[in-house]
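Novice: The following comprises the amino acid sequence and a computationally predicted model.
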Amino acid sequence: MSSLITIVSQSQRYVVAFLLVALSLFFVQIAQAATVTEVKAENGISATTLTFTFSDGKPSYRYYSLKSPDRLVMDFKQSTKITGLPATLGNGLLVHKIRSTQSKDSQYQSMVVELAQPVVVTESLVNVGAGYKLVLTIKAMSGRTNSNAQSTVTVVALSPTAMTSNSSVNTAANINREMAPLITKSTPDAAPIVKPRVTPAKPQAGSRQIIIAIDAGHGGQDPGAIGQKGNREKDVTLSVARKLEARLRNDPMFKPVLTRSGDYFISVAGRSEVARKQSANMLVSIHADSAPNRSARGASVWVLSNRRANSELGKWLEQSEKQSELLGGAGDALDGADPYLSQTVLDLQFGNSQRVGYDVAVAVLSELRKVGSLHKKTPEHASLGVLRSPDIPSILVETGFISHASEEQLLISDVYQEKLAASIHAGLRNYFLAHPLQNAPN
């Protein structure tokens, strides 16, 4: 079998095609399943298009980026083993090599795309006749334009007639995903509601879901900020929280829990305790902003300040029971040990939580900017009470200014609330795709 490489030069009007020695990539069939039958790479300096052709049904897959070095990991849920890689695509281009690797999950087969630099990925899954094609458009974050070199490479070809170019094509999905490290990017024609694609595969028994504690700010006798039309922050936050909870519940990656599910008051400390008792991996607090300046508008995301983290750390260290609670099994081992050792361990844990919180905030902001204006373009640090748990990565999302007349109308709109919930969901999904809780392939 041969792989056809077409080199397209923008300065010339002709195409030079030639055959390379086969990269024969064989699949050992185990059982009938959606299977990758071909991979094509249209590779350039700052942009690459990977096209995966599938047979035997709709594919189930996932992907995420890793750093040091930069690479994109593709996991395909299929019952065939991939052999015959690596395939080297050349130096100086965005994608250097595509290779296979052993997935930690036996139900998945993995490919690793080695990259020259961090990227942003746009995904499109289309139904082609009896099969599917997955197209990943990979763009460099540096913003460099693609110059004069681009090549089309058939990396894998099991059957050259498996899919024909004149087959009927129906678009099934078209989603933008930003891979870590995340940056903001313009989307001139954003969809009315951002709905990140969830692949159909559900978690296996015993697999680890990401527990997200969703905190609707205020409640009960505490109305929060009140808009010019009399709308209350506590109602907006609960509505957005419920919409976010519904989205996360329908995503097998996540398990959502609400700190409050109705119009009642819960203390700031109580909100953190709910998250801790539910073993939450992340706390997302939903709020609406207010300011004397009625022209202030836009969303922002806040994270725990170092000053508040250090203050809370000191309180934990003074309470041996709290130390043990935070350290889990290590708490028993360190009981009665050198207090400086306990402080060092807690420092490491809290430092990691702060880093995660900040990175998630960046991811959420990059999605929020697609549906509305931003009041702050980067995460803000605050000593807010709900962010008091330095052991749980936390963010506080200010969805907009309820004190701004037109933004108040947006915040009470079901459509806009869905957009906000979808943006937070997408930001969480983007982060945890890039930083899975489980071990990733090397």
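Specialist: Nice, I can see it.
Novice: State whether residue 39 and residue 95 are indeed in contact, as I suppose.
Specialist: No - the criterion here is CB atoms under 8 Å, and residue 39 misses it with residue 95 at 11.2 Å. Heads up, the C-betas are built off the backbone N, CA and C, glycines and all.
Novice: Identify the contacts common to the two.
Specialist: residue 50 (CB atoms under 8 Å, 6 or more residues apart in numbering).
Novice: Pretty sure residue 42 sits against residue 48.
Specialist: Yes - contact criterion CB under 8 Å: residue 42 and residue 48 qualify, at 6.5 Å.
Novice: Pull the contacting residues for residue 393.
Specialist: 281-283, 353-354, 356-357, 360.
Novice: Let's see that with 6 Å instead.
Specialist: Going by CB atoms under 6 Å, 6 or more residues apart in numbering, residue 393 touches 282, 353, 356-357.
Novice: Looking at residue 42 and residue 48, which one has more neighbours?
Specialist: Ranked by neighbour count (other CB atoms under 10 Å), residue 42 and residue 48 place residue 48 first, with 28 against 18.
Novice: Surely the more buried one is in contact with residue 94?
Specialist: Yes - Residue 48 is within contact range of residue 94, at 4.7 Å (criterion: CB atoms under 6 Å).
Novice: what do those two both touch?
Specialist: The contact sets of residue 48 and residue 94 do not overlap (CB under 6 Å, 6+ apart).
Novice: What's the separation between residue 69 and residue 114?
Specialist: Distance of residue 69 to residue 114, computed by CB to CB, to the nearest Å: 7 Å.
Novice: Can you pick out the residue with more neighbours from the two?
Specialist: Neighbours per residue, other CB under 10 Å: of residue 69 and residue 114, the larger number sits with residue 114, 16 against 10.
Novice: Can you give me the pLDDT of the more buried one?
Specialist: Note on residue 114: pLDDT of 90.
Novice: What helices and strands are in contact with the strand or helix carrying it?
Specialist: Element membership of residue 114 [criterion: DSSP states H and E] is strand 108-115. Strand 108-115 sits against strand 71-77, strand 95-101, with contacts defined as 3 or more CB pairs under 6 Å, 6 or more residues apart in numbering; DSSP states H and E.
Novice: Among these, which comes closest to residue 119?
Specialist: Among the helices and strands packed on strand 108-115, strand 71-77 comes nearest to residue 119, with 7.0 Å by CB to CB.
Novice: right, and the secondary structure at residue 234 would be what?
Specialist: helix (DSSP: H, G, I helix; E, B strand; the rest coil).
Novice: list the contacts for it?
Specialist: Counting by CB under 6 Å, 6+ apart, residue 234 has contacts 218-219, 223-224.
Novice: Check residue 232 too.
Specialist: 223, 226.
Novice: for it, which residues make a bridge with it?
Specialist: In this entry, residue 232 is beta-bridged to residue 226, by DSSP bridges.
Novice: measure it to residue 222 for me?
Specialist: Noted for residue 232: a distance of 10 Å to residue 222, by CB to CB.
Novice: Same question for residue 44.
Specialist: 55 Å.
Novice: ok, those two, which is more surrounded?
Specialist: residue 44 (22 against 14).
Novice: what is the more buried one paired to in the beta sheet?
Specialist: Under the criterion used (DSSP bridges), residue 44 bridges to residue 150.
Novice: could you check the distance from it over to residue 116?
Specialist: 11 Å.
Novice: swap in residue 394?
Specialist: In terms of CB to CB, residue 394 sits 35 Å off from residue 116.
Novice: More neighbours: those two, which one.
Specialist: Neighbours were counted for residue 394 and for residue 116 using other CB under 10 Å; residue 394 has more, 30 against 18.
Novice: Next, residue 365: secondary structure please.
Specialist: helix.
Novice: Might one say that residue 228 is in contact with residue 405?
Specialist: Yes - between residue 228 and residue 405 there is a contact at 5.4 Å, judged by CB under 6 Å.
Novice: Low-confidence stretches in the stretch 301-442 of the chain?
Specialist: Counting by pLDDT under 70, the stretch 301-442 of the chain has low-confidence residues at 305-351, 382-391, 438-442.
Novice: what about the strands in it?
Specialist: Assigned by DSSP state E, counting those that start in this stretch, the stretch 301-442 of the chain shows strands spanning 380-382, 394-401.
Novice: right, and the ones you listed - which one's nearest residue 130?
Specialist: strand 394-401 (43.5 Å).
Novice: which secondary structure elements does that closest one contact?
Specialist: If contacts are counted by 3+ CB pairs under 6 Å, 6+ apart, strand 394-401 sits against strand 282-289, strand 300-304, helix 339-368, helix 405-411.
Novice: May I see the ones you listed organised as CSV, with distance to residue 52 added?
Specialist: Formatted as CSV, these follow (distance: least, CB to CB, whole Å):
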stretch, distance to residue 52
strand 282-289, 31
strand 300-304, 34
helix 339-368, 25
helix 405-411, 39
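Novice: May I see these organised as CSV, with mean neighbour count and distance to residue 267 added?
Specialist: Below are the helices and strands packed on strand 394-401 laid out as CSV (neighbours: other CB atoms under 10 Å; distance: least, CB to CB, whole Å):
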stretch, mean neighbour count, distance to residue 267
strand 282-289, 26, 13
strand 300-304, 25, 18
helix 339-368, 19, 21
helix 405-411, 19, 25
